[in-house]
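In: Below are the sequence and a predicted model; questions follow.
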Amino acid sequence: MNFLFIHQNFPGQYRHLAPALAANPKHRVVAMRIGDNLRWQGVEVMGYPIKGENTANGHPWLIDLHPKLIRAEAVARKAIELRDSGFTPDVIIAHPGWGETLLLREVWPTVPIGLYCEFFYSANGADVGFDPEFPPTSDALSNAGRLRVKNVNQLLALEDASRGISPTRWQQGLYPERIRQSIDVIHDGIDTQMLQPNPKVGMRLREKMTLTRNDEIVTFVNRNLEPYRGYHVFMRALPELLKRRPKARVLIVGADGASYGAAPANGNTWRNIFLEEVRDQLDMSRVHFVGRLQYPDFVQMLQLSRVHVYLTYPFVLSWSLLETMSVGGAIVASRTAPVEEVIEHGTHGLLVDFFDGAGLVDRVCELLDNPPLAQRLARAARERIVADYDLRTRCLPRQLEWVQRVAEGN
């Protein structure tokens with residue numbers, strides 16, 4: 001069979017599925033992304049160029065849609081080249097978030113399409129309006145209109161799709177009910193064989209300091225340090241945490257950009273804004289901003305952690321939380337809907353209200369003061385991931401079955 005993956009940052013969520021299909025010599029797997037051509041784990045990756053301005057004149061709500069149309073045209077022209085070279089996919093598997101699938105029906109009118117349904121925008125019940133410190137525009141109609149237009153791209157893509165896939169029930173539940181019934185819930189998968197506890201782990205910091213499991217390490221991870229993942233709440237809790245834990249060291253992973261919410265208007269970074277807010281209350285020799293880590297170093301850091309803190313708005317659930325559970329991490333996390341799908345308070349970790357900095361400190365200290373409790377929660381967290389999110393025994397087999405269902409038009 002012929003498979004075509006489309007994702008502007010390929011492999012993205014297809015880092016396991018695409019190579020698994022390519023491993024079958026009877027399959028040809030092609031992918032499209034922004035960038036250069038290359039071959040990756042048996043997948044022929046074709047880059048497509050982006051031309052034109054990523055801005056739109058006219059109604060301000062169209063600003064989000066304009067770059068999606070640019071991507072749609074670029075992908076369609078590359079797809080025509082692929083079709084004219086003799087390639088016709090049996091299945092197209094794509095992420096609809098950036099508009100890349102919008103014109104594929106003009107190229108391959110009957111090829112079944114399976115979509116990764118990651119997030120459907122809403123003015124209520126999810127990220128928008130959750131944090132009173134960063135409210136949406138005061139014009140409720142403008143806010144609702146902007147979000148509805150952000151969903152136009154996905155709705156058009158879903159009209160062409162055979163089936164969808166969402167990694168969590170909560171994310172599936174964001175979609176309108178008439179669409180939800182065609183979206184299967186299958187997580188991307190966690191490699192629990194690689195992500196295991198390692199009591200002998202050690203990690204050397206840039207400061208030439210080597211840390212082990214004997215050290216009292218608290219970890220916090222964002223792709224980019226920003227409010228969507230609770231960076232502001234964590235930083236404001238740090239002075240009290242370090243005061244109560246004089247031997248603790250805090251490792252903070254993340255870059256200075258903005259992955260999800262808006263960047264600060266003044267050109268500053270969220271990292272600096274909230275660090276400067278509390279810097280004079282911190283012993284900075286015990287606070288380590290490590291930036292982004294290579295994946296093996298990232299795994300070592302998770303294995304090293306005594307307590308891992310994970311905070312998030314009601315938004316897409318981070319891989320890092322499930323990876324921490326897989327390595328047997330003791331976790332304090334926000335009591336938000338995506339988290340509650342995988343962590344039951346007192347069973348797999350401890351939950352706290354997202355905005356409760358004092359409660360966050362109390363829960364972290366509770367785990368540091370009670371190693372038997374931390375160990376029990378950590379064991380249960382790993383058992384949860386192995387049972388329900390393991391890549392090889394659960395998620396990847398179900399993804400392959402899903403691909404077959406898409407191919408059959410079911």
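Out: Great, that's in hand. Residues are numbered from 1 along each chain as shown.

In: Domain-wise, how is this protein divided?
Out: Per the record, the chain has its domains at 2-189+391-407, 202-388, by automatic domain parsing.

In: Distance to Gln196 and mean pLDDT for these - can I get that in JSON lines?
Out: C-beta here means a position set from N, CA and C on the backbone, and glycine is covered the same way. JSON lines is the format used below for those (distance: least, C-beta to C-beta, whole Å; pLDDT from 0 to 100):
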{"stretch": "domain 2-189+391-407", "distance to Gln196": "13", "mean pLDDT": "92"}
{"stretch": "domain 202-388", "distance to Gln196": "6", "mean pLDDT": "95"}
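
In: For Leu195, find the nearest of those domains.
Out: Shortest distance between Leu195 and these, using C-beta to C-beta, is found for domain 202-388: 3.9 Å.

In: Give me the neighbour count for Ile70.
Out: With neighbours defined by other C-beta atoms under 10 Å, the count for Ile70 comes to 18.

In: Let me know whether it touches Lys51 as I believe.
Out: Yes - at 7.2 Å, Ile70 counts as touching Lys51 under the criterion of C-beta atoms under 8 Å.

In: in stretch 75-89, what counts as buried?
Out: Neighbour-count burial for stretch 75-89, with 16 or more other C-beta atoms under 10 Å as criterion, is recorded at 75-76, 78-79, 82, 87, 89.

In: which of those lies closest to Cys365?
Out: Val75 (51.0 Å).

In: any residues touching the helix or strand encompassing the closest one, and which ones?
Out: For Val75, the element it lies in under DSSP states H and E is helix 65-84. Here helix 65-84 makes contact (C-beta atoms under 8 Å, 6 or more residues apart in numbering) with 4, 6, 8, 30, 32, 34, 46, 48-52, 54-56, 98-104, 106-108, 149-150, 152-153.

In: Any quick PyMOL command for the buried ones out of those residues?
Out: Remark: buried members of those, expressed as a PyMOL selection using 16+ other C-beta under 10 Å:
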select buried, resi 4+6+8+30+32+34+46+48+56+98+99+100+101+102+103+104+107+108+149+150+152+153
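
In: Filter the contacts of helix 65-84 down to the ones in strands?
Out: Judged by DSSP state E, strands contain the following of those: 4, 6, 30, 32, 34, 46, 48.

In: Looking at those, spot the one nearest Val253.
Out: Among these, and counting by C-beta to C-beta, the member closest to Val253 is Ile34, at 25.6 Å.

In: now the closest one: how far from Pro11?
Out: Counting by C-beta to C-beta, to the nearest Å, the gap from Ile34 to Pro11 is 13 Å.

In: which residues touch Ser122?
Out: Ser122 neighbours (C-beta under 8 Å, 6+ apart): 128, 147, 174.

In: Any chance of JSON lines for those residues, columns secondary structure and distance to Glu118?
Out: Output for the contacts of Ser122, formatted as JSON lines (DSSP: H, G, I helix; E, B strand; the rest coil; distance: C-beta to C-beta, whole Å):
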{"residue": "Val128", "secondary structure": "coil", "distance to Glu118": "16"}
{"residue": "Leu147", "secondary structure": "helix", "distance to Glu118": "15"}
{"residue": "Leu174", "secondary structure": "coil", "distance to Glu118": "9"}
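
In: I'm done for today, thanks for sticking with me.
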